[in-house]
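Peer 1: Generate a structure from the sequence data that follows.
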Amino acid sequence: MAPFRPAILSCALLVLALAVNDRAPPPGGVLDVAPPRPAAPAAQAASMAEPFSTIEVIVRRNDTLDAIFRKLELSLADLANLRALGGVRALVDRLVPGESLRLTHRNGELLSLERNLSLTEQLKVTRAADGFRADVSARPIEARVAVAHGVIDSSLFDAAQSAGLQDQTVMQLAQIFGWDIDFALDLRPGDEFTVSYQRLYQHGEYLQDGPILAARFTNQGREVRAVRYRSPDGTERYYSPDGRSMQKAFLRAPLEFRRISSGFSRARYHPILDLVRAHQGVDYAAPTGTPVRAAGDGRIRFRGIRGGYGNLIEIDHGAGIVTVYGHLSRFAAAARVGARVQQGQTIAYVGMTGLATGPHLHYEYRLNGRYLDPQHVKLPDATPLDASLQADFQRQTAPLLAAITLAAPAPAAVVAR
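Peer 2: Numbering: from 1, shown residues only. Below you'll find the predicted structure:
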């Protein structure tokens with residue numbers, strides 16, 4: 001049997017060699033038993049094959065992108081490189097509570113970031129071979145015209161909600177007619193409105209109500225109509241059908257108030273002083289901190305403490321008109337003596353400084369030193385539409401006014417979408 005041992009030994013060695021080498025022996029019977037190949041390329045391929053993660057983050061109050069990256073354990077170096085891109089820093093540093101961000105990463109390495117800058121624009125930052133790349137792309141919006149009609153039963157908001165209007169559209173409606181109708185005091189059951197407005201859609205899904213195009217409001221039998229006009233310089237304002245601005249030179253009430261706690265009177269009992277004397281303004285009850293707005297364009301001539309008024313601001317509007325704001329809790333930073341202010345600009349905040357039993361704004365309207373009732377004084381008109389624009393105004397607004405004139409008075413229904 002001895003002659004067969006070398007052959008058996010050779011076969012055993014061959015099997016052992018094949019067991020440690022994944023290659024078949026080359027032709028000619030010479031077997032190259034090479035060491036194992038390095039594992040690094042395989043490990044790298046496995047890393048690249050690892051799944052990525054996409055996270056949608058809802059921004060909270062005081063959130064910053066740095067805080068979000070730290071919380072999610074994302075690369076701060078990637079954040080620094082992202083913010084270093086031209087123009088991107090300004091687009092990501094100021095976040096809005098309630099908005100959403102989409103972040104895609106792999107093991108903490110940022111692959112992309114998406115943020116909606118507005119209804120019509122989106123920022124997308126993506127990782128490329130040579131770093132990050134940022135693009136701002138359009139988000140197409142489709143605007144559809146709708147017409148809604150409502151009848152007041154208990155409140156404007158209830159009637160508008162039943163008509164299918166969103167809260168922001170109701171507020172817009174109140175602002176348009178706010179110089180002609182006191183929505184806190186003048187509304188009556190049976191008052192009605194018709195509104196032509198835009199509804200905004202994206203990819204076929206409703207987003208929100210757009211601007212009001214035209215509206216009519218019947219209050220205690222008196223009808224007021226308004227239409228939006230875009231002038232050649234791009235300015236958009238609301239006018240009556242004959243081209244008079246709906247905006248007056250002064251606000252009827254310079255704040256959002258709950259009720260009138262004391263009206264204009266030549267003889268009113270003062271609860272603190274325990275005597276009867278003239279009340280030469282209107283007291284608007286509102287929570288402490290409610291913003292107080294300038295009733296019209298003008299210049300601040302006094303800001304400080306004055307007797308029973310407490311914290312007080314006086315605005316000189318020219319033409320002998322002065323408005324007064326008393327019992328304020330604090331002043332707005334920009335409301336300095338000598339500063340120019342515009343109608344609707346926040347100048348202070350409601351309080352109860354001076355002789356006050358509760359938080360409210362004491363508001364006065366004076367003409368050449370005479371005290372007039374702010375609720376009933378005839379407010380001067382704002383600058384009317386230039387005569388040279390009348391033809392363009394009629395061309396643009398005629399179809400908008402026709403929509404609310406021809407709309408069937410079907411209460412609590414949106415009759416066009």
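Peer 1: and the longest strand along the chain, what does it pack onto?
Peer 2: Secondary structure of the chain per DSSP state E: the longest strand is strand 205-219. Strand 205-219 makes packing contacts with helix 167-177, strand 192-202, strand 222-230, helix 390-406 when contacts are defined by 3 or more CB pairs under 8 Å, 6 or more residues apart in numbering; DSSP states H and E. (Glycine included, C-beta is placed from N, CA and C.)
Peer 1: Output the below-cut-off pLDDT ranges for the stretch 51-200 of the chain.
Peer 2: Scanning the stretch 51-200 of the chain for pLDDT under 70 picks out no residues.
Peer 1: Counting neighbours, what do you get for the nearest residue to residue 96 once chain neighbours are set aside?
Peer 2: Spatial nearest neighbour of residue 96, excluding adjacent residues (CB to CB, 6 or more residues apart in numbering): residue 59 at 6.4 Å. Neighbour count of residue 59, defined by other CB atoms under 10 Å: 17.
Peer 1: roughly how far apart are residue 59 and residue 172?
Peer 2: From residue 59 across to residue 172, the span is 26 Å (CB to CB, to the nearest Å).
Peer 1: same thing with residue 301?
Peer 2: With CB to CB as the criterion, residue 301 and residue 172 are 33 Å apart.
Peer 1: the more surrounded of the two?
Peer 2: When residue 301 and residue 172 are compared for neighbours, residue 172 comes out ahead with 20 against 12, by other CB under 10 Å.
Peer 1: Quick one: the strands in the stretch 251-400 of the chain, in order.
Peer 2: In the stretch 251-400 of the chain, the strands defined using DSSP state E, counting those that start in this stretch lie at 259-262, 265-270, 275-279, 282-285, 291-293, 298-305, 311-318, 321-331, 340-341, 346-350, 360-367, 370-372.
Peer 1: What residues sit buried inside the helix or strand harbouring residue 145?
Peer 2: In this assignment (DSSP states H and E), residue 145 forms part of strand 142-151. Residues of strand 142-151 classed as buried by neighbour count (16 or more other CB atoms under 10 Å): 146-151.
Peer 1: got those as TSV, with distance to residue 228 columns?
Peer 2: Shown next, in TSV, are the buried residues of strand 142-151 (distance: CB to CB, whole Å):
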residue	distance to residue 228
146	15
147	14
148	16
149	18
150	19
151	24
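Peer 1: OK, contacts around the residue nearest to residue 96?
Peer 2: Residue 59 makes contact with 68, 95-101, according to CB atoms under 8 Å, 6 or more residues apart in numbering.
Peer 1: Try it again at 6 Å.
Peer 2: The contact partners of residue 59, taken as CB atoms under 6 Å, 6 or more residues apart in numbering, are 95, 97, 99.
Peer 1: Neighbour-wise, which one of these leads?
Peer 2: residue 95 leads the contacts of residue 59 on contacts (other CB under 10 Å) with 19 neighbours.
Peer 1: So what touches whichever strand or helix holds residue 238?
Peer 2: Using DSSP H and E, the element containing residue 238 is strand 236-239. Outside strand 236-239, the residues that touch it by CB under 6 Å, 6+ apart are 176, 226, 228-230, 245-246.
Peer 1: Please apply the same query to stretch 204-220.
Peer 2: 143, 166, 169, 172, 177, 181, 186, 188, 191-200, 224-228, 400-401, 404.
Peer 1: Chain neighbours aside, what residue packs nearest to residue 133?
Peer 2: residue 126 (5.6 Å).
Peer 1: my read: that neighbour touches residue 112, true?
Peer 2: Yes: in terms of CB atoms under 6 Å, residue 126 counts as a neighbour of residue 112; the distance is 4.6 Å.
Peer 1: Can you list phi and psi of residue 183 for me?
Peer 2: phi -70, psi -10 (degrees, to the nearest 10).
Peer 1: That one and residue 400: what is the separation?
Peer 2: 23 Å.
Peer 1: what does residue 372 give?
Peer 2: Taking CB to CB, one finds residue 372 at 36 Å from residue 400.
Peer 1: if we can go back for a sec, need the contacts of strand 236-239 in TSV with distance to residue 75 and neighbour count, can you?
Peer 2: Below are these laid out as TSV (distance: CB to CB, whole Å; neighbours: other CB atoms under 10 Å):
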residue	distance to residue 75	neighbour count
176	50	23
226	54	28
228	48	20
229	52	20
230	47	13
245	55	18
246	54	22
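Peer 1: Kindly present the residues you listed as a markdown table, with separate columns for distance to residue 63.
Peer 2: Converted to a markdown table, the contacts of strand 236-239 look like this (distance: CB to CB, whole Å):
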| residue | distance to residue 63 |
| --- | --- |
| 176 | 35 |
| 226 | 40 |
| 228 | 36 |
| 229 | 40 |
| 230 | 37 |
| 245 | 41 |
| 246 | 39 |
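Peer 1: Nearest to residue 289 among those?
Peer 2: residue 176 (26.7 Å; CB to CB).
Peer 1: residues in contact with the nearest residue to residue 362 once chain neighbours are set aside?
Peer 2: Using CB to CB, 6+ apart and skipping residues adjacent in sequence, the residue nearest residue 362 is residue 326, 3.9 Å away. Shown here is residue 326, whose contacts under the criterion CB under 6 Å, 6+ apart are 309, 312, 362.
Peer 1: Go again with 7 Å.
Peer 2: The contact partners of residue 326, by CB atoms under 7 Å, 6 or more residues apart in numbering, come to 309-310, 312, 354, 362.
Peer 1: which one of those residues has the most neighbours?
Peer 2: Result: residue 362 is most packed of the contacts of residue 326 (other CB under 10 Å), 24 neighbours.
Peer 1: Please save the CA atoms from the longest strand of the chain in CSV.
Peer 2: Extracted in CSV, the C-alpha atoms of strand 205-219 (Å, rounded to 0.1, in the frame of the first residue of the first chain):
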residue,chain,number,x,y,z
GLU,A,205,-55.4,70.6,-2.5
TYR,A,206,-57.0,73.6,-0.8
LEU,A,207,-54.5,75.7,1.1
GLN,A,208,-56.2,78.8,2.4
ASP,A,209,-58.4,81.7,1.4
GLY,A,210,-56.8,84.4,-0.7
PRO,A,211,-57.6,88.1,-1.0
ILE,A,212,-61.1,89.5,-1.2
LEU,A,213,-61.8,90.8,-4.8
ALA,A,214,-65.1,92.6,-4.1
ALA,A,215,-67.7,92.7,-1.4
ARG,A,216,-70.9,94.4,-0.4
PHE,A,217,-72.3,94.7,3.1
THR,A,218,-75.8,95.8,4.0
ASN,A,219,-75.9,97.2,7.6
